[in-house]
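J.: What follows is a predicted protein model with its sequence.
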Number of protein chains: 2
Amino acid sequence: MSAADLGLPVAVPSTALFTDRYELTMLQAALRSGAAHRRSVFEVFTRRLPEGRRYGVVAGTGRVLDAVENFRFDDTMLEFLARERVVDEPTLEWLAGYRFRGDIHGYPEGEVYFPGSPILQVESTFAEAVLLETVVLSILNHDSAIAAAASRMAVAAGGRPLMEMGARRTHELAAVAASRAAFVGGFESTSNLAAGFRYGLPTIGTSAHAFTLLHDTEREAFTAQVEALGRGTTLLVDTYNVEEAVRTAVEIAGPELGSVRIDSGDLLLLAHRVRQQLDDLGAKNTRIVVTSDLDEYAIASLAAAPVDAYGVGTSLVTGSGHPTCSMVYKLVARATANGADAPLVPVAKKSLGGKTSIGGRKWAARRLDADGVAEAEVIGTGGEVPEELAGQQLLVPLVRGGEIVAREPMEAARQRHVAARAGLPLSATQLSRGEPVLPTEYH
Amino acid sequence: MSAADLGLPVAVPSTALFTDRYELTMLQAALRSGAAHRRSVFEVFTRRLPEGRRYGVVAGTGRVLDAVENFRFDDTMLEFLARERVVDEPTLEWLAGYRFRGDIHGYPEGEVYFPGSPILQVESTFAEAVLLETVVLSILNHDSAIAAAASRMAVAAGGRPLMEMGARRTHELAAVAASRAAFVGGFESTSNLAAGFRYGLPTIGTSAHAFTLLHDTEREAFTAQVEALGRGTTLLVDTYNVEEAVRTAVEIAGPELGSVRIDSGDLLLLAHRVRQQLDDLGAKNTRIVVTSDLDEYAIASLAAAPVDAYGVGTSLVTGSGHPTCSMVYKLVARATANGADAPLVPVAKKSLGGKTSIGGRKWAARRLDADGVAEAEVIGTGGEVPEELAGQQLLVPLVRGGEIVAREPMEAARQRHVAARAGLPLSATQLSRGEPVLPTEYH
C-alpha cells in the first residue's frame, strides 16, 4: 500500500540531499577499499531521555518510509555533486543507480521507547545504509520530540480536545511534520492547512484580533463573521473587553453560538466568568476555547475550569523544552567480507571519551508483570528473543528487500500510542520530572 | 533580480498552504462585510528577547521574499479548500487570482533587533496582507532564532571557523534553513548537502566512526580514506584510542595530513595533547577540528586550546536554548473605508489580559552616541523620522507593488550582521545573561 492508496495528496520530493556530505565521502572511500559492499546493520537509539521525561514516543516512522522510497539522485543533484567535487566519477555513477534494497525493522509509530531501545534497524550493504543516516535522524529526532510533548499535553487535557496551532513558531515545513506528530501524540486537529492537505488532518480556526480591529466596531466584526461562517463559529472575545464581547456575541449569534475563544489574561478566572455569563445568557451549549502560550502544566492547571478545548502553539512545536531527541544512527554489526553469506561481527566505538555503544544487532521486548503492566524494556544482542518474551517483541518489519511493508493510516499510530501509554505503570503519566518509568535491561 | 539570477538552484514550491485556516475564514468574512479591501498595515515585532539575550538577529528575510513570490493557490489546493469546506465559492475565486501586490518594508537580513523593533511591515489590502501571517512568522521566528545562536557562537569562536552540522537534530527542511541562517550569523560552512545545493553554501565533511568500524582495522580505514580523499582530508581519531589513531594517521598521510577530528572526551585536554603529538610527529600544519555537543559556552572554554575549527550541531539548530523567537504579526493600522485614499487609523488590541501592542505604522532608527556607537533603538508612530535620525533609519524597501526589490547574495546579509553587531556597545557580545544591550525608546 502506498501513501497515495490512503487517499492522501502526496508530494514528497527527492530526499537524497537531506544528507551530510560525509556520508558520500565515506561511500567513495568504501567503494575504493571494497568494504562498501559488506553487509551492515545500523541502529537508531538514544542514550537517554530528555531530562525528567518518563517515556519517549516514536513518531515519524511513516515519514521515514516516504523518505527512503524517495531517496534517489536525479541529474540536477548529480551535477551539483560533480560541480562541487563532493565525490568522484565512479561514486556518482553508483549514486545514479541508488535505491535502497535492504531491510528495515523498527518500533512501530506511536510506540513508546526508553534509553537504548533499538527504535530503527537498517540492514543492507554499508553503502546503501550509510546514506540514510541524516534524513532518518532528522525525521525521528524532530517528530518524536513533538509527539512526546503532545502526549504529555494529551494526558494533562484528560478527554478534552487539543488543537495544534504552532505553525508560526517553527519552520514552515517542520510545522507540517509537527502537526502530524501532534496527531500521533493525541491532538485532534490543527490550524495548519498544509498539514490538512498533506496528511488529511482535520483543520480548525476562525478569526484573529486583526479581524475585529479591521472593522469599526466589535459588533460589526462579529456580525460579519457569523454571517459568513454561521452561528456555529468561534468568536474571539478578548480584543477589547471580554464581558462586553461575550454579551455582543450572544446577541448576534444567539444561544446557538458555537464557541468563544479567550487568548489572553488569567484563563482560569476568565473561563469561570465567561461560563457563568454564557449560562446566564442562555448559551449553555456554547463552548469555551482557550489559547495563549499553553503547555502541559498550564493545561493541567485548567483541569477544573469550564474549558472545552485547548489550542497549543509554541510549546508543542518546540517539544515543550526539548525540541529534539538525542537519537543516533550507529553501525552495530557488519560482515567480515563481501557477500550475503559472510558472517556479521558486532562493532562499537571504544574510545574512553564517551559516546560508546553496544555492538551487535538487537532484539527488544517489553516484559509485563503478572497484571499485564510493563515492567522492563528488555534488549538483547545475539541469539533469539527468549520464548517468554516472544509475544512482546517491539521490532516489526517496515521495509523488506527495499519494498515498504508497513504503511498505515495515521489513526493506527495514534491508537497505538494510546494503548502503549496505557500499558505503562501509572507513574508514566505524572507531569513532574522523574526517571524513565521502565528500566532498560540488557539480556 | 530573481533568486535564479544569483546562480542558485531554486526550488521553492507554492507557499500558499503554509497558512493557518483562520486567515482564510477571516478573508471570507471580510469579503462578505466589504472590509477586506481596506488598506491595512501589519507589523512583525517581538515584545521581548529570549531571556538573557542582549540582541536579536534578523534572518530569513530572503526566504520571506521567496515565500511571498510563490504564494499562489493552484488547482489542487483550491480543490482541497473546496472539498474541506474551508471557505465558500466567492472566496475560492478570489484566492485563485491571488498574488501579493502591496509593499513590504523591513529590517534588512543580518541586522540586529530589540524588543519592539518593527522587523517587517506589510502594507496592502487587509485581504492580501492577512494571508501572509503564518508563513512570514514561521520563517522569521525560526531563522532568526538560529542566526542569534550562530552569532553568539561566532563571537565565542573569535576568528576560528565554525561548521554547521546539525541537520540530524532537526526537521530535514528546517535543517536547510538553519544552515542558511547560521551562515548569516557567522558560520563558514555546513555538512548539509541540500543547503549547499539550494543556497550555494560551502559544504564540508569526511567520515564518521562507522567508516572506521566498517574496516578490519583503523589503519585500513585511514588508508582507504586517504587514498580516496587525499592527504588533505580530515581523519576522525577517537574511535578506539586517540593517541594511537593520531600516530597511525600521520604514518599514513604524512605531515601533509589536513586535519584530525576529535568528537568525544575532554576536548580541552585532548586538543593540547593531540597538538603536541602532531607537532612532535612533524605534522605542524595539520589542523585540529573539534565536534561534540558544542554550544557557545563550550566554544568559549576552548579559546585558549589549540583548536582550528569547531563543528556545531544540536545547540545551533535548536537556537541554543531558544528554538523560536516570539515574533508576532499584528494589524497596527487600517483605512476607515475602501480605496487607496481613505485615511489610515491606528488600531491595537486593548483587553486588559496582556498581549497589547502599540497602534500605528512605525518608523525605526538606531541612535548613535558621539563615538558612533549605538545607544538606543528609537521607534516612532505617526509623522516622519526626525532629521537627526534620518541617516540611521532601519526599515528598507523589500517589496514595491508586489515586485521584490531587495534580493541580495547571502554574503551581503552575513557582512551586514558583522557590521551591525560591531556597532553595538561592547557588552553586546558578553555571553553571560543580561538585558537587551540597547533600550527601546518610543518617540
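T.: In hand now; what should we look at?

J.: all strands of the stretch 1-150 of chain A, in order?
T.: Applying DSSP state E, counting those that start in this stretch to the stretch 1-150 of chain A gives strands spanning A:38-46, A:56-57, A:103-106, A:112-113, A:120-125.

J.: quick one: which of these is nearest chain B?
T.: strand A:38-46 (6.4 Å; Cβ to the nearest Cβ). Yep, even glycine has a C-beta here, placed from its N, CA and C like the rest.

J.: now for that closest one, which elements pack on it?
T.: In terms of contacts (3 or more Cβ pairs under 8 Å, 6 or more residues apart in numbering or on different chains; DSSP states H and E), strand A:38-46 is packed against strand A:120-125, helix A:126-130, helix A:133-157, strand A:327-338, helix B:209-214.

J.: Just put the strands of the stretch 1-150 of chain A in CSV and tack on mean neighbour count and mean pLDDT.
T.: CSV is the format used below for the strands of the stretch 1-150 of chain A (neighbours: other Cβ atoms under 10 Å in any protein chain shown; pLDDT from 0 to 100):
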stretch, mean neighbour count, mean pLDDT
strand A:38-46, 25, 98
strand A:56-57, 28, 98
strand A:103-106, 24, 98
strand A:112-113, 28, 98
strand A:120-125, 23, 98
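
J.: how far away is residue A:125 from residue A:331?
T.: Using Cβ to Cβ, to the nearest Å, one gets 12 Å for the distance from residue A:125 to residue A:331.

J.: Common neighbours of the two, please.
T.: residue A:40 (Cβ atoms under 8 Å, 6 or more residues apart in numbering or on different chains).

J.: Report the contact partners of residue A:120.
T.: Taking Cβ under 8 Å, 6+ apart as the test, what residue A:120 contacts is A:43, A:44, A:61, A:64, A:104, A:105, A:106, A:107, A:136, A:140, A:329, A:398.

J.: Distance check, the second one against residue A:420.
T.: Using Cβ to Cβ, one obtains 18 Å as the distance from residue A:44 to residue A:420.

J.: can you list the domain ranges for chain A.
T.: Chain A breaks down into these domains under automatic domain parsing: A:3-131+A:326-442, A:147-321.

J.: buried ones in stretch A:68-85?
T.: A:68, A:69, A:71, A:73, A:77, A:78, A:80, A:81 (16 or more other Cβ atoms under 10 Å in any protein chain shown).

J.: Out of those, which is nearest to chain B?
T.: residue A:80 (5.0 Å).

J.: Does the nearest residue to residue A:55 once chain neighbours are set aside have any beta-bridge partners, and if so which?
T.: Once flanking residues are discounted, residue A:55 sits nearest to residue A:112: 4.5 Å by Cβ to Cβ, 6 or more residues apart in numbering or on different chains. Beta-bridge partners of residue A:112, counted by DSSP bridges, are residue A:57.

J.: and the gap between residue A:112 and residue B:252?
T.: Noted for residue A:112: a distance of 46 Å to residue B:252, by Cβ to Cβ.

J.: right, and residue A:195 touches residue A:180 too?
T.: Yes - the criterion here is Cβ atoms under 8 Å, and residue A:195 meets it with residue A:180 at 6.3 Å.

J.: ok, these two, which is more surrounded?
T.: Between residue A:195 and residue A:180, counted using other Cβ atoms under 10 Å in any protein chain shown, the more crowded position is residue A:180 (29 against 26).

J.: What helix or strand is that one located in?
T.: Element membership for residue A:180 (DSSP states H and E) is helix A:172-185.

J.: what does residue A:323 give?
T.: For residue A:323, there is no host helix or strand (DSSP H and E).

J.: Got the confidence number for it?
T.: Confidence at residue A:323, expressed as pLDDT, is 98.

J.: mind listing what it touches?
T.: Residue A:323 neighbours (Cβ under 8 Å, 6+ apart): A:145, B:170, B:318, B:323.

J.: again with residue A:219
T.: With contact set as Cβ under 8 Å, 6+ apart, residue A:219 has these partners: A:248, A:252.

J.: Distance check, it against residue A:288.
T.: Counting by Cβ to Cβ, the gap from residue A:219 to residue A:288 is 21 Å.

J.: got it, and residue A:410?
T.: 28 Å.

J.: can you check residue A:301 too?
T.: Residue A:301 is 15 Å from residue A:288, by Cβ to Cβ.

J.: more neighbours, these two?
T.: Using other Cβ under 10 Å, the more surrounded residue of residue A:301 and residue A:288 is residue A:288, with 23 against 13.

J.: Which pLDDT value belongs to that one?
T.: Residue A:288 is assigned 98 on the pLDDT scale.
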